[in-house]
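Trainee: curious how this folds, go ahead:
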Amino acid sequence: ALSLLASARPISAAWADMNLCWIVLCTAASGSVPREGKEVLVQHLLVGEKDARLLVDLEKSIASGADLSDLAVEHSLCPSKEDGGMLGWVRRGQMVPEFEEAAFSAPLNKVVRCKTKFGWHLVQVLSERDQCLLQDIQPEELHAKMQDPSFIEEAQLIDVREPDEVERAFLPGFKVLPLRQFGTWGPVMTDEFNPQKDTYVLCHHGMRSMQVAKWLQSQGFQKIYNVAGGIHAYSVKADSSIPTY
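Mentor: Coordinates of the predicted model:
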C-alpha cells in the first residue's frame, strides 16, 4: 500500500514504521465531490486531539505569515515532518474521509483545519492537476497499434532496457533510455517528452518499465501504458519474429 505514495515522493523509514501513515492510505467515502478526477499536492501539520491551544497558536502564526512547512518541522506529530509535512501528490481513496474532504475542498494555498482519529490537522493544498492514467497494455493490443505508421509517429515509445538487450531484440520507434542511466535522462525528461501525449514503456518482462511508468506518473505524465510482460510477452503472444532471450 505504501507504493501509492512512493511515486510521488520518497517515504522515510520512520513513516513506514508508524501507524500514522494510514492518514493517506485508508479508503475514503465515495460520491460526487469537488476536484473530481484531480490529484492534489498536499502538506500538513498534525497535533494531538487535546492540543487545541497549540492549534490556535499555530493558526495565528500562519495568519501572521509563518510557513506551514517550517511549523510542521517543529511541531507536527506526523513523520512527514521530516519533509516539512509534505505528503506529495495524492488522489481520492488514499486518505481517511475527513482529511480527504479538507484536502479536496480547500482553496489553493489556504491553510484549513480538520480533525481525524489521529488528531487535528492543518492542511494546505499547494497545487492540483488532472489525475494521471497508468495502466497495462497487452502485447496483442500494442502490436495492433504498431501496424499504424501514425501511431509510431505520434505516441511516445520508451524502452528502458540496457543496450545489449536491445541488440538482441527491439521494436521499431522505441527510444532507448536504459534504467541504469536514469540519472542522465531523468532530469531532462519533460524537456524531451510531452507529458500530455500517450506514453508507452517497455522492458524485458514488464517490471522495470512499471518502475519508470510510476515515476512518469509522479512527473505529471497524463497517460502512461506499461507493456504487460515486456518484449518477451510481445514476442510470444503477438509477433514471433521478435527474438526471445
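Trainee: now do the strands in this protein.
Mentor: For the chain, the strands defined by DSSP state E cover 38-47, 86-90, 111-116, 119-130, 133-137, 156-159, 175-176, 199-202, 223-227.
Trainee: can you name every helix or strand that the third one contacts?
Mentor: Read it as strand 111-116. Judged by 3 or more Cβ pairs under 8 Å, 6 or more residues apart in numbering; DSSP states H and E, strand 111-116 is in contact with helix 52-63, helix 97-105, strand 119-130. All C-beta spots, glycine's among them, are computed from the backbone N, C-alpha and C.
Trainee: quick check: which ranges of the chain have low pLDDT?
Mentor: 1-33 (pLDDT under 70).
Trainee: how's it carved up into domains?
Mentor: Taking the TED database as the criterion, the chain consists of the domains 38-130, 133-238.
Trainee: out of these, nearest to residue 244?
Mentor: Ranking these by proximity to residue 244 (Cβ to Cβ) places domain 133-238 first, at 4.9 Å.
Trainee: thinking again about what came up before, reformat the domains of the chain into TSV and put mean neighbour count and distance to residue 245 next to each item.
Mentor: As requested, the domains of the chain are exported to TSV (neighbours: other Cβ atoms under 10 Å; distance: least, Cβ to Cβ, whole Å):
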stretch	mean neighbour count	distance to residue 245
domain 38-130	18	37
domain 133-238	17	5
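Trainee: ok, now how distant is residue 112 from residue 157?
Mentor: With the distance defined as Cβ to Cβ, to the nearest Å, residue 112 ends up 43 Å from residue 157.
Trainee: please read the previous query as pertaining to residue 102.
Mentor: For residue 102, the distance to residue 157 - Cβ to Cβ - is 40 Å.
Trainee: can you check residue 67 too?
Mentor: For residue 67 relative to residue 157 (Cβ to Cβ), the value is 42 Å.
Trainee: now do residue 89
Mentor: Distance of residue 89 to residue 157, given as Cβ to Cβ: 25 Å.
Trainee: just residue 41 next, same as before
Mentor: 29 Å.
Trainee: how about residue 54?
Mentor: 53 Å.
Trainee: what residues are up against residue 49?
Mentor: 115, 119-120 (Cβ atoms under 8 Å, 6 or more residues apart in numbering).
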